[in-house]
Structures are given as structure tokens and as C-alpha cells.
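[1] 3D, please:
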Amino acid sequence: MLFALKLPAAVLALLAGCGTWLVTALGAAAVFFFSKDNPRHMTVLLGFAAGVMLAASYWSLLAPAIALAEETPLPSWLPATLGFLAGALFLRLTDLALGRLRPQAGEKRSRLLILSITLHNIPEGLAVGVAFASLGYEPEPEKLLAACAVALGIGIQNYPEGAAVALPLLREGESRLRSFFLAQATGLVEPAAALLGALLVTLVRSLLPWALSFAAGAMILVAARELIPECHASGPRGSYLGTMGVILGFAVMMLLDVALG
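    Here you go, the predicted structure:
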């Protein structure tokens, strides 16, 4: 960990972005082993990712944003609140724009599915970069742990996303190798977005509390709109498994952030 703190924040952000992309590739690799996904496995995994993201959004993003905002002339709640709302709104507008691209009945969905997931991954990559940008000003172990928690939460939820792209492609007649290649490519934007986010915030320190809050709003919206509802889509038993996944993920991240941070 001490060695990692000696690296520039932008380099760490790029490495973390590569890590989240590799998890997408791992999910896409499901086409080599399954012809369809495992509903219970996916339900627990999605719930765990939601719990991780909920906990990381506060302890790794919002709490540091409020602390940093206290160093500015503005009220500490202002950057946190406005940044949080802006992050959620930005991701919501992205979803609305993508919704207009939905194919008509009977139209092949593969290209639009790939485009949708790729664009969706850009703000997630930015969130990773912003989390690591704080290390450019305070290279401390607890800051590194907090940034890693954000990357972990996003990385975990990238696994089912990779499978969600690859398996439909396989069902539409694509080969296993091509399905894997196209699905993992949707995550390639995350390293670039992470690097961009880290560079922008590192250059302008005053942006940091706003950017951290922005990332938190985006993460909460992903968890609340996409992950948690999916936990309830497989019936009462699956819903319970997903809920326990949320609790476990939240508890793990809370333990890491509070006990080690």
C-alpha cells in the first residue's frame, strides 16, 4: 500500500479503471461456460454490489466532500448537496437519452445494447477517477482505501453487466469468442474516463468536493435504479437473497471504511 501511495493519483486512477474493465471482461467470459446466467448468483452479486456502492457513496465520497468543503468560503453542505444532485441528474439524463435509442419490436438489439452499456460506463469511470484524485492532495492510506472501495463497488457491478451483454449476443447467433470480445469492449471506456476524471480534479483542487459529491450521486442512482430493483425481479426468494446481498455488501464496506480508515 505504501508503494502505491508514491504513484501519481492519475496513474492509480488508470490502474483502477483497468481493474473495473477486467471485471467486465470476467463477466463477459461467462459465454465460455454458460448458455444463460444463474439467476440466484446474479441476484446476490447485484445486491452485494448495491450495498458496497451505498456505503462507499457516503464514507468514501460524501463525507470527504463535506470535510473538504469546510476549507472553502462556501457552506459545507452546498457542494455536497448540489454535487450529489448533479451527479444523479447527469446519469438520469444519460439514461433518458439512451432510452430514445431503444429498438423497435423485432429489431436486432445487439448494437444498441453495446452502445448503451458503453455510454453508461463513462460516468462510472469518471467516479473512479474522482475518487483517486484526492490522493493527489492527501496521499494517505485511508484515502487510498476509500478510493479502492469506490472502484470495488463499480467493478463488482460490472461483472453482471459484462454477462448481460455477452449472453444475449450469444443467443442472437454470435460466436462465443465474438460475444466475449464485444462485451468486454464496453468496459474499455472506464480506464480512459477514470484517467480524465483524475487529471481534471487534480489540476483544480476546488473542484474536488463537488466532484466527489457528483460521483456519489451517480453511484446512488445506479444502485437505487438498476441494482436494487433487479434484486426483486426474481420472485420472493430471490428478493430475499438480493436483500441479504445488499446488507452484506454495505456491512463489508462500512467495516473497511470505519475500522481501517
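
[2] Run through the helices of this protein in chain order.
    2-5, 9-28, 39-56, 63-69, 77-99, 110-133, 141-171, 176-185, 189-203, 208-222, 228-231, 235-260 (DSSP state H).

[3] In CSV, could you pull the C-alpha coordinates for the fourth one?
    Coordinates of each C-alpha in helix 63-69 appear next as CSV, following Å, rounded to 0.1, in the frame of the first residue of the first chain:
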residue,chain,number,x,y,z
ALA,A,63,-18.1,12.5,4.0
PRO,A,64,-14.7,13.6,2.4
ALA,A,65,-16.5,16.1,0.2
ILE,A,66,-18.1,17.7,3.2
ALA,A,67,-14.8,17.8,5.1
LEU,A,68,-13.1,19.4,2.1
ALA,A,69,-15.9,21.9,1.6
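
[4] Please enumerate residues in contact with it?
    For helix 63-69, the external contacting residues (CB atoms under 8 Å, 6 or more residues apart in numbering) are 75-80, 83, 134, 143, 146, 208-210, 212-213, 216. In short, each C-beta sits where N, CA and C put it, glycine included.

[5] on that earlier part again, out of the helices of the chain, which is the most enclosed?
    helix 208-222 (a mean of 28; mean count of other CB atoms under 10 Å).

[6] Give the rounded mean pLDDT of that one.
    Averaging pLDDT along helix 208-222 gives 83.

[7] elements contacting it?
    helix 39-56, helix 63-69, helix 77-99, helix 110-133, helix 141-171, helix 189-203 (3 or more CB pairs under 8 Å, 6 or more residues apart in numbering; DSSP states H and E).

[8] and residue 241, which of the ones you listed is closest to it?
    helix 39-56 (5.2 Å; CB to CB).

[9] still on that earlier bit, closest to residue 157 among the contacts of helix 63-69?
    For these, the nearest to residue 157 is residue 216 (15.2 Å; CB to CB).

[10] coming back round to it: pick out the shakiest of the helices of the chain, pLDDT-wise.
    Of all the helices of the chain, helix 2-5 has the smallest average pLDDT, which comes to a mean of 61.

[11] returning to what we had before: what's the closest of the helices and strands packed on helix 208-222 to residue 29?
    helix 141-171 (7.7 Å).

[12] now the closest one, how far from the chain's geometric center?
    Here the centre of helix 141-171 is set off from its chain's centre by 6 Å, with CA atoms, centre = their mean, to the nearest Å.

[13] Let the chain start at 53 from now.
    Yes, from this point I'll number from 53; that puts the last item at helix 193-223.

[14] what angle do it and helix 241-255 make?
    For helix 193-223 against helix 241-255, the angle by axes from the mean of the first three to the mean of the last three CA atoms, to 10 degrees is 150 degrees.

[15] packing partners for helix 193-223?
    Using 3+ CB pairs under 8 Å, 6+ apart: helix 193-223 touches helix 54-57, helix 61-80, helix 91-108, helix 162-185, helix 228-237, helix 260-274, helix 287-312.

[16] among these, which is nearest residue 214?
    helix 61-80 (2.7 Å).

[17] Can I get that closest one as CSV, trimmed to CA atoms?
    Provided in CSV are the C-alpha atoms of helix 61-80 (Å, rounded to 0.1, in the frame of the first residue of the first chain):
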residue,chain,number,x,y,z
ALA,A,61,-3.1,9.8,-8.5
ALA,A,62,-3.7,9.8,-12.2
VAL,A,63,-1.7,6.5,-12.6
LEU,A,64,-3.6,4.9,-9.7
ALA,A,65,-6.9,6.0,-11.3
LEU,A,66,-5.9,4.5,-14.6
LEU,A,67,-4.9,1.2,-13.0
ALA,A,68,-8.2,1.2,-11.1
GLY,A,69,-10.1,1.8,-14.3
CYS,A,70,-8.3,-1.1,-15.9
GLY,A,71,-9.3,-3.2,-13.0
THR,A,72,-13.0,-2.4,-13.4
TRP,A,73,-12.7,-3.1,-17.1
LEU,A,74,-11.1,-6.5,-16.3
VAL,A,75,-14.1,-7.4,-14.2
THR,A,76,-16.3,-6.5,-17.2
ALA,A,77,-14.2,-8.9,-19.2
LEU,A,78,-14.6,-11.6,-16.5
GLY,A,79,-18.4,-11.2,-16.7
ALA,A,80,-18.2,-11.5,-20.5
